[in-house]
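Chemist: Compute the structure for the input listed below.
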Amino acid sequence: MRPWFALRRLSNRTPLRTKLIAALLALVIVALAAISVSGGLLLRSYLTEPYDSQLLTAFDNVAGSSGIGLLPGQSSPAYGGIVVGIQQPGTALSPSGMQSTGHGYGNRPSASLPAVPTSLTWADANSGKLVTVPAESGSDSWRVIAEPISYQASTSTGTTEQGTGTLIVAIDLGDVNATISRLAATDLIVGAIIECILALAVVIVVRSNLRPLVEIEETAGEIAQGHLNRRVPERDPRTEIGSLGHSLNTMLSQIETAFHAREESEAAAHQSEERMRRFVADASHELRTPLTAIRGFAEYYRQRGGLVRRWDRGTAGSASEAAGTAGLTPDDLDRIMQRVEKEAARMGLLVEDLLLLARLDQQRPLARNPIDLLSLAADAVHDARMLAPDRTISLTVQPGAAFLVVGDEPRLRQVIGNLMSNALTHTPDGTPIEVSIGSGVLDPRVENPSPAIFLDVIDHGPGMTADQAHRVFERFYRADQARTRATGGNGLGLAIVSSLVTAHGGVASVRTAPGRGATFRVTLPLAPEAQGGLPPEDDDEDRFDQFVQEPPADEADGLSVTYGTGVTGINAAGANAAGITESNTASANAG
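Modeler: Numbering: from 1, shown residues only. Model (predicted):
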């Protein structure tokens, strides 16, 4: 079995084109050899068949006669080139000159006699058979019929000789082997020429037809190097190569999609991990501040010995000394308790915001009731005017539209309240604030956006930078990295806005530039019962989009748009799902 296994290993190591070419050439060689051999045999049969009929007739006549008239070892030529003779065992035939056989075959001398084997064993084995033997001399061939006989012949001395020998009837075929040899040589030369031409044609045809496989191999190599967008050239799908190429391209497209999805998933996981780390660090920092303050006030109270014990027995001087060294006065205790209460309230608000965000992350259902967004905006403007009477806070309403949305009223009030609080906190005192409400589209980044209601809170503060704009809706992000309380907030206000708006199926975004203020927009889907009441012009781009798409030439530079995280309904081809920035020098505001 070792040669078989070695042959299989050799076949496995041999390229396909080499095996195809070798197999085709081997088959052609076998076919040409078979044609040459069969042609030679047919030619020999064709050349000997006319002589065989004559030889058989002559043999029948000679074998049926009562006597041959030849001595053993002699032969006599007869008519038509036929030679008749009797051969003794161990003795070759010899010509008898012009001696007549007496059987009417005529006299014809022969240049040579057939070299017939002289053994009786050969004669017995070939008795009555047509056999081709060479001539004793020269290149001729003889067709021979032999048969063992008992003979009786008269010698030249007048005596009669009896014995057993071999009757030989032969006919000269001439140099038939030369004809067959010339045919074989011609077949060999023509076959070699055909083999060379066919080998060249086979190489060209095989290489041409295997070129698609080479292209598939090259494409696979390029894909292995990282070029996932490469594809196999597709051919006629009715062919095997075309069908294979189509199947491979389909598979490669799916692999590329899965690979990019995995990359995006890994990137999202990495970003999520980074956000989680930042979230834990920020949450720890925010919680540590009120906890440290509470613990410090408690330690201060303990170190001072608690509340001052007042006795009427002592003098005023001694009471003052006791108040300075033995404990706290009721006024000090009240002040400490007020600070503890404020810090506890601050920590409570922080925990409530974190709990709200956690519930939104769990996608807990919200109330779904028709709500007039205009009334909520009016209430928020009224509250802001009460908190900041020195500011100009205006409300602009687009006419001719019903501002109905479906959602949770307390949560939507919280959204508008957070935006108003953000504008009041992060702009200088006296800076005007504008609130605008109108109808437009839900998300201008997708095709065929649905109708929606937008609410803009516009401040004229310092604006934001590109990095700030990109992170403005992140949790615990604040433009003031020192986190001073003068700037207020804990970095969760805008994150809650983005999460609540997303939970309502809307979009939160900010448009700003350094020194140009900021415009925060909340877009919510229009309630179904109000969609039939929009005027035709509401389907066009609203004022918010026109401000960006067709700005004055001297004010357009630097404007940017940032969309909140977790936006629903965004086309994957149109924008990323989180933190999309479309700008030259993007913007942000402090949370």
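Chemist: who's Ile458 bridged to?
Modeler: When assigned by DSSP bridges, Ile458 has beta-bridge partners Glu434, Thr519.
Chemist: And for Val406?
Modeler: Taking DSSP bridges, one finds Pro370 as the beta-bridge partners of Val406.
Chemist: how far away is it from Pro290?
Modeler: 38 Å (C-beta to C-beta, to the nearest Å). Backbone N, C-alpha and C define where each C-beta goes, glycine included.
Chemist: next helix or strand past the strand or helix carrying Thr179?
Modeler: In the assignment (DSSP states H and E), Thr179 maps to helix 176-224. Of the helices and strands lying after helix 176-224 in sequence (DSSP H and E), the nearest is helix 240-303.
Chemist: Can you tell me which helices and strands that next one packs against?
Modeler: Contacts of helix 240-303 with other secondary structure elements, assessed using 3 or more C-beta pairs under 8 Å, 6 or more residues apart in numbering; DSSP states H and E, are made with helix 176-224, helix 330-361.
Chemist: and if we set it to 6 Å?
Modeler: Where contact means 3 or more C-beta pairs under 6 Å, 6 or more residues apart in numbering; DSSP states H and E, helix 240-303 is packed against helix 330-361.
Chemist: what's the angle from the helix it packs on to helix 240-303?
Modeler: With axes from the mean of the first three to the mean of the last three C-alpha atoms, to 10 degrees as the criterion, the two stretches helix 330-361 and helix 240-303 enclose an angle of 170 degrees.
Chemist: from memory Glu147 sits against Asn126, does it?
Modeler: No - in this structure, Glu147 sits apart from Asn126 without contact. The criterion is C-beta atoms under 6 Å, and the distance is 8.9 Å.
Chemist: So which bits of stretch 6-21 are buried?
Modeler: By 16 or more other C-beta atoms under 10 Å, the buried positions in stretch 6-21 come out as Arg17, Leu20, Ile21.
Chemist: Would you pull up how far that stretch lies from the middle of the chain?
Modeler: Here the centre of stretch 6-21 is set off from its chain's centre by 29 Å, with C-alpha atoms, centre = their mean, to the nearest Å.
Chemist: Please work out which residues outside that stretch touch it.
Modeler: Outside stretch 6-21, the residues within contact range by C-beta atoms under 6 Å, 6 or more residues apart in numbering are Val202, Val203, Val206, Leu210.
Chemist: first to last residue in that stretch, what's the distance?
Modeler: 21 Å (C-alpha to C-alpha, to the nearest Å).
Chemist: do the same with stretch 401-413
Modeler: Criterion C-alpha to C-alpha; first-to-last residue distance in stretch 401-413 is 21 Å.
Chemist: Now it: average pLDDT?
Modeler: Here the mean pLDDT over stretch 401-413 is 88, rounded to a whole number.
Chemist: Identify the bridge partners of the nearest residue to Pro451 once chain neighbours are set aside.
Modeler: Excluding the flanking residues, the one nearest Pro451 by C-beta to C-beta, 6 or more residues apart in numbering is Leu526, at 4.5 Å. Beta-bridge pairing of Leu526 under DSSP bridges involves Val405.
Chemist: And the contacts of stretch 6-21, which of them are buried?
Modeler: With burial judged by 16+ other C-beta under 10 Å, the buried subset of these is Val202, Val206, Leu210.
Chemist: Now for Ala135, how many residues are close by?
Modeler: When neighbours are counted by other C-beta atoms under 10 Å, Ala135 registers 20.
Chemist: count of neighbours near Pro410?
Modeler: Pro410 sits with 10 neighbouring residues when counted by other C-beta under 10 Å.
Chemist: can you start the count at 255 instead of 1 from here on
Modeler: Understood, numbering begins at 255; the last thing we discussed is Pro664.
Chemist: And it, how close does it get to Val776?
Modeler: As defined by C-beta to C-beta, Pro664 lies at a distance of 15 Å from Val776.
Chemist: repeat for Ala655
Modeler: Separation of Ala655 from Val776 (C-beta to C-beta) stands at 16 Å.
Chemist: Ala312 now?
Modeler: Spatial separation of Ala312 from Val776 under the definition C-beta to C-beta is 125 Å.
Chemist: just Glu728 next, same as before
Modeler: Applying C-beta to C-beta, the value for Glu728 to Val776 is 18 Å.
Chemist: what does Met640 give?
Modeler: Distance of Met640 to Val776, computed by C-beta to C-beta: 22 Å.
Chemist: again with Ala523
Modeler: In this view, Ala523 and Val776 are 29 Å apart by C-beta to C-beta.
Chemist: More neighbours: which of these two?
Modeler: Between Ala523 and Val776, counting by other C-beta under 10 Å, Val776 is the more crowded of the two (28 against 10).
Chemist: That one touches Asp710, doesn't it?
Modeler: No - between Val776 and Asp710 there is no contact, the gap being 8.1 Å when judged by C-beta under 6 Å.
Chemist: Now stretch 611-630: buried residues?
Modeler: Of the residues in stretch 611-630, those buried under the neighbour-count criterion (16+ other C-beta under 10 Å) are Leu611, Leu614, Leu620, Ile625, Asp626, Leu627, Leu628, Leu630.
Chemist: try stretch 752-772
Modeler: In stretch 752-772, the ones that count as buried by 16+ other C-beta under 10 Å are 752-768, 770-772.
Chemist: do stretch 545-560 as well
Modeler: Of the residues in stretch 545-560, those with enough neighbours to count as buried (16+ other C-beta under 10 Å) are Ala547, Ile548, Phe551, Tyr555, Arg558.
Chemist: cool, and stretch 527-544?
Modeler: With the criterion 16+ other C-beta under 10 Å, stretch 527-544 contains buried residues Arg529, Phe533, Asp536, Ala537, Glu540, Leu541, Thr543, Pro544.
Chemist: Next, format the contacts of stretch 260-275 as a markdown table and append pLDDT and distance to Asp644.
Modeler: Supplementary listing: the contacts of stretch 260-275 in a markdown table, determined by pLDDT from 0 to 100; distance: C-beta to C-beta, whole Å:
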| residue | pLDDT | distance to Asp644 |
| --- | --- | --- |
| Val456 | 87 | 96 |
| Val457 | 87 | 94 |
| Val460 | 83 | 91 |
| Leu464 | 80 | 85 |
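Chemist: Among those, which one sits closest to Arg589?
Modeler: Each of these was scored against Arg589 by C-beta to C-beta, and Leu464 proved nearest at 92.3 Å.
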